[in-house]
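J.: Provided below for reference: sequence and predicted model.
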Amino acid sequence: MKLLIQSDDYGMTPAVADGIIYGITHGVVRNTGMFTNMPWAKECVEKIRPYLGQIAFGIDLNASTGCSLLGYDKVPNLCHPDGSFLTSKENRAADESAPNHDHVDHDQLYAEFDAQVQKFIELVGKVPDYIHAHAYGTATTERVRREIAQKYDRPYSKATADLLIGDYARMGWYIMGSPEAQLKEDLESYIVENKAGFDKDGYGYLITHCGYADARLFELSSFSLCRVKDLEALTSERVKNWIAYNNVELITFNDLDRDHWAN
């Protein structure tokens, strides 16, 4: 099996970034996508720069966490007057009364996402290795993500997963709810008992959310302590032994030739 193990939300907070780096250096994380709209993005890029030769470093296109790069004057459909994005909950509420349950303005979202990719290029010195979607989505957000992937000629994670395995690996280990409830998740067993149904002769794709927790994280995301549980699993000897025993090849988006990725 060729397995893409991805940890989303690099740079959501400095602690999340630190946890993902630990998952790279001490575990099996081989793909991660960055938030370029966060004020500590530059700091987080420098932290991960020594490891860029070991991983695929992509971008998580984000319109629901933190602040817009373009601001309210340019993308009022996406954010509050102070520039902070509408949260996923606020976006879904706006969709309820919108035509086709989709309130997102295509041109504003395209401009914001393009600015995020340009910020990535400025900070990292190259285009992202892949394009990924963060959280909230509609038909319009999906269309814009694919258009951005096409513009920069990068694999779009969802389209690539559809091509390789027909669909994303299920994320059935997550326990939504309070931080205390999230501590009961068991990604380790989910992997070693192959509850995702990975095909030993094909490709698998595992999307996780590793990280340490800091105060900022609890302000920004309902995915909080599940991140430390994901990190615990992906650095565990049990998971590493399962990968070795089953001859699983850990791959990145950079290992896929053009016949195996899509945008």
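T.: Received it, and whenever you're ready, just let me know what you need.
J.: who's in contact with Ala94?
T.: Counting by Cβ atoms under 8 Å, 6 or more residues apart in numbering, Ala94 touches Leu86, His103. C-beta: built from backbone N, CA, C; applies to glycine.
J.: secondary structure element for it?
T.: helix 88-96 (DSSP states H and E).
J.: need the next SSE after that helix, C-terminal direction.
T.: Next along the chain after helix 88-96, taking DSSP H and E as the criterion, comes helix 106-124.
J.: now do that following helix, average pLDDT.
T.: Helix 106-124 shows an average pLDDT of 98 in the prediction.
J.: which strands and helices sit next to it?
T.: If you count contacts as 3 or more Cβ pairs under 8 Å, 6 or more residues apart in numbering; DSSP states H and E, helix 106-124 packs onto helix 41-48, strand 56-61, helix 139-151.
J.: next, the buried residues of the last one.
T.: Counting neighbours by 16 or more other Cβ atoms under 10 Å, one finds that the buried residues in helix 139-151 are Thr140, Thr141, Val144, Arg145, Arg146, Glu147, Ile148, Ala149.
J.: which stretches in the protein count as helices?
T.: 14-25, 41-48, 88-96, 106-124, 139-151, 157-165, 179-182, 187-192, 215-220, 226-234, 237-245 (DSSP state H).
J.: most packed of those?
T.: Stretch with highest mean neighbour count among the helices of the chain: helix 226-234 (a mean of 24; mean count of other Cβ atoms under 10 Å).
J.: now tell me what touches it from outside.
T.: Helix 226-234 has contacts (Cβ under 8 Å, 6+ apart) with 5, 7, 16, 19-20, 22-23, 27-29, 174-175, 182-183, 185-188, 190-191, 208-213, 217, 239.
J.: now that helix against helix 14-25, angle please.
T.: 10 degrees (axes from the mean of the first three to the mean of the last three Cα atoms, to 10 degrees).
J.: what about helix 226-234, average pLDDT?
T.: On average, the pLDDT along helix 226-234 is 97.
J.: now the angle from that helix to helix 237-245?
T.: Using the same axes, to 10 degrees: helix 226-234 against helix 237-245 is 50 degrees.
J.: let's number from 794 now, not from 1
T.: Let's use 794 as the start, then, which means that last one is helix 1019-1027.
J.: for helix 1019-1027, list the C-alpha coordinates in PDB.
T.: The C-alpha trace of helix 1019-1027 is given here as PDB (Å, rounded to 0.1, in the frame of the first residue of the first chain):
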ATOM      1  CA  CYS A1019      -8.300  15.800  19.200                       C
ATOM      2  CA  ARG A1020      -5.100  17.200  17.800                       C
ATOM      3  CA  VAL A1021      -2.900  16.000  20.600                       C
ATOM      4  CA  LYS A1022      -4.600  12.600  20.300                       C
ATOM      5  CA  ASP A1023      -3.800  12.500  16.600                       C
ATOM      6  CA  LEU A1024      -0.200  13.400  17.300                       C
ATOM      7  CA  GLU A1025       0.000  10.700  20.000                       C
ATOM      8  CA  ALA A1026      -1.200   8.100  17.500                       C
ATOM      9  CA  LEU A1027       1.000   9.100  14.600                       C
END
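J.: Provide a list of residues in contact with the residue lying closest to Ile852 once chain neighbours are set aside.
T.: Of all residues not flanking Ile852 in the chain, Pro921 sits nearest, at 4.0 Å (Cβ to Cβ, 6 or more residues apart in numbering). By Cβ under 8 Å, 6+ apart, the residues touching Pro921 are Gly826, Met827, Phe850, Gly851, Ile852, Val910, Phe913, Tyr945, Arg947.
J.: closest one to Gly859 out of those residues, please.
T.: Met827 (12.1 Å; Cβ to Cβ).
J.: coming back round to it: which one of the helices and strands packed on helix 899-917 lies closest to Phe1046?
T.: Judged by Cβ to Cβ, the one of these that comes nearest to Phe1046 is strand 849-854, at 4.0 Å.
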